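Visitor: What follows is a predicted structure for the sequence shown.
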Amino acid sequence: MSEIRSGRIAIVGRPNVGKSTLLNALIGEKVSIVSRRAQTTRHRIMGILTAADAQYVFVDTPGFQTRHVNALNQAMNRGVRQALAEVDVILFVVEACRLDDRDRAVRKLLPEGCPVIIVVNKIDQIKNKAELLPYLTQLAGEAEFTAIVPVSATRRAQLDALLGEVRKHLPNDELLFAEDEITDRSEKFLAAEYIREKLFRLIGDELPYGATVEVERFVVDGELRRISAAIVVDRAGHKSIVIGKGGEVVKRIASEARQDMERMFGGPVFLEVFVKVNSGWADDAQLLKSLGYE
Ligand SMILES: Nc1nc2c(ncn2[C@@H]2O[C@H](COP(=O)(O)OP(=O)(O)OP(=O)(O)O)[C@@H](O)[C@H]2O)c(=O)[nH]1
C-alpha cells in the first residue's frame, strides 16, 4: 500500500458551477466535526475524506465572495489570497464549455505558488464530446494550473481521477486529523450526548430509568451557538432529582456540558437546559379512559 498523505483543499468557483454538489459527492453527506484541539488553521473545515492512502481536508475560504467579486477592493483581495495561500491545493471549478467574466474574476484571486487543479464540471451536459477539446484548449490558455480534470459531480464521474490528482499535491506524510479527533455526528447530536454524559456522571445510580435528552433548538448565530435542550423524565418525582436543591444539579450539568461543547465546536455556546416531565403516560391514560378503558 502506498504511504498516507494529507493536506488542505479549497474549492472555489463562481456561483452555480457545482461546488457544493462536488463537495458532497466527494465526502458524502456527512459533516465531520473536528475537536478544537485539532484545529490549526483559521479555515473552517467543510468535510474530511479519509481514504486508505490519503486524508483530504476540505476547507472553506473566508471572504471569498464571487458574487460581488468585481466590487472587492484590493485589501479584501489580498486577504482572500492570503487565506487561499494557506491551503495545499485549490480546486478551481468551472462549467463545461462555459467561461465568463465571473470565472475570470475568481481566477484573478488565486494566489501564485499554490497548485491549482481546474475541475471542469457538468460534462454530462455536453452531448458532443468533441466540443470539450477547444474549450479545454481555451482554458489552458487563460489560466495557470497543474492539471485539468473533467468531471460530473451529479453523476459522480471521474471523481477518483480527481482525487488521484489532488493526492499528488498533498504535502504531509501523516494524517492531519487522527480518528479520535473526527466525528461524523452532527453538532446537534453531540450536544445531546454531552448533556446525557453529564447527567449520568452527576446523578449516576439515582438516575431515573428512561430519562432522555432532547435538543429542542440549535441555532448558529454568527460564532455563537444557541442551544436549548430538555432532559425528559417520566415522573414528576424524578424531575426534582435532576433539578437538585436550588437547581444545583441541572445548573452543573449545563455548565459542564457547555464547556465541552465550546471546546468541541470551537466557539461560544449559550446553553439552556430544562427538565420536563413526559406527559405521554398521562395523555395515554386519558385517551384510554375516553375510549372506555380504565
Ligand atoms: N448536469 C449537472 N448539473 C450539476 C452538476 N453539478 C452540479 N450541478 C447542478 O448545478 C447547480 C448548482 O450546483 P451547486 O452545487 O449548488 O453550485 P455552487 O457552485 O455550490 O453554487 P453557489 O453556492 O451559488 O456558489 C445545481 O442545480 C446542481 O444540481 C453536474 O455535474 N452536472
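Guide: Arrived safely, thanks for sending. Numbering: from 1, shown residues only.

Visitor: use CA for all of it now, contacts and neighbours both
Guide: OK.

Visitor: quick one, what contacts the closest residue to Glu95 other than its chain neighbours?
Guide: Spatial nearest neighbour of Glu95, excluding adjacent residues (CA to CA, 6 or more residues apart in numbering): Asn121 at 5.0 Å. Shown in contact with Asn121 (CA atoms under 8 Å, 6 or more residues apart in numbering): Val17, Gly18, Val93, Val94, Glu95, Ala96, Pro150, Val151, Ser152, Ala153.

Visitor: isn't the fifth one right up against Asp124?
Guide: No - under the criterion of CA atoms under 8 Å, Glu95 makes no contact with Asp124, lying 10.6 Å away.

Visitor: The two: who's more crowded?
Guide: The residue with more neighbours, out of Glu95 and Asp124 and counting by other CA atoms under 10 Å, is Glu95; that gives 22 against 16.

Visitor: gap between the more buried one and the ligand?
Guide: From Glu95 across to the ligand, the span is 9 Å (CA to the nearest ligand atom, to the nearest Å).

Visitor: Enumerate every residue touching that residue.
Guide: By CA under 8 Å, 6+ apart, the contact list for Glu95 reads Val17, Val120, Asn121, Lys122, Ile123.

Visitor: Restricted to strands, list those residues.
Guide: Val120, Asn121 (DSSP state E).

Visitor: Break the chain down into its structural domains.
Guide: As assigned by automatic domain parsing, the chain contains the domains 5-180, 185-288.

Visitor: How far off centre is the longest one?
Guide: Centroid separation for domain 5-180 versus its chain: 15 Å, with CA atoms, centre = their mean, to the nearest Å.

Visitor: mean confidence for it?
Guide: Average pLDDT, domain 5-180: 82.

Visitor: now do the shortest one
Guide: Averaged across domain 185-288, the pLDDT comes to 85.

Visitor: so how far is it off the chain centroid?
Guide: On CA atoms, centre = their mean, the centre of domain 185-288 falls 24 Å from the chain's centre.

Visitor: Am I right that Ile243 is in contact with Ala254?
Guide: No - in this structure, Ile243 is not within contact of Ala254 by CA under 8 Å, at 10.9 Å.

Visitor: So which bits of the protein are right by the ligand?
Guide: Within reach of the ligand by CA under 6 Å from any ligand atom, the chain has these residues: 14-21, 121-122, 124-125, 152-154.

Visitor: mind running it again at 5 Å?
Guide: Pro15, Asn16, Val17, Gly18, Lys19, Ser20, Thr21, Lys122, Ser152, Ala153, Thr154 (CA under 5 Å from any ligand atom).

Visitor: Just the buried residues out of those residues, in PyMOL syntax.
Guide: The buried residues among these can be selected in PyMOL (16 or more other CA atoms under 10 Å) with this line:
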select buried, resi 17+18+19+21+122+152+153
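
Visitor: Among the residues of the chain next to the ligand, which ones are in helices?
Guide: Among the residues of the chain next to the ligand, DSSP state H puts Lys19, Ser20, Thr21 in helices.

Visitor: excluding its backbone neighbours, what's nearest the last one?
Guide: Same thing as Thr21. Among residues not flanking Thr21 along the chain, Ala153 sits closest, at 6.0 Å (CA to CA, 6+ apart).

Visitor: Spit out the contact partners of that neighbour.
Guide: Counting by CA under 8 Å, 6+ apart, Ala153 makes contact with Gly18, Thr21, Leu22, Ala25, Asn121, Lys122, Leu159.

Visitor: Would you check how far apart Gly28 and Ala51 are?
Guide: Going from Gly28 to Ala51 by CA to CA, to the nearest Å gives 13 Å.

Visitor: Sketch out the helices for the stretch 101-250 of the chain, chain order is fine.
Guide: Remark: helices assigned in the stretch 101-250 of the chain by DSSP state H, counting those that start in this stretch are 101-109, 132-142, 159-167, 187-203, 236-243, 248-265.

Visitor: can you list those in CSV and add mean neighbour count?
Guide: Listed next are these as CSV, based on neighbours: other CA atoms under 10 Å:
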stretch, mean neighbour count
helix 101-109, 17
helix 132-142, 14
helix 159-167, 16
helix 187-203, 18
helix 236-243, 17
helix 248-265, 19
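
Visitor: Tell me which of the ones you listed lies nearest to Phe58.
Guide: Phe58 sits nearest to helix 159-167 of all the helices of the stretch 101-250 of the chain, at 11.3 Å, using CA to CA.

Visitor: Alright, that wraps it up for me.
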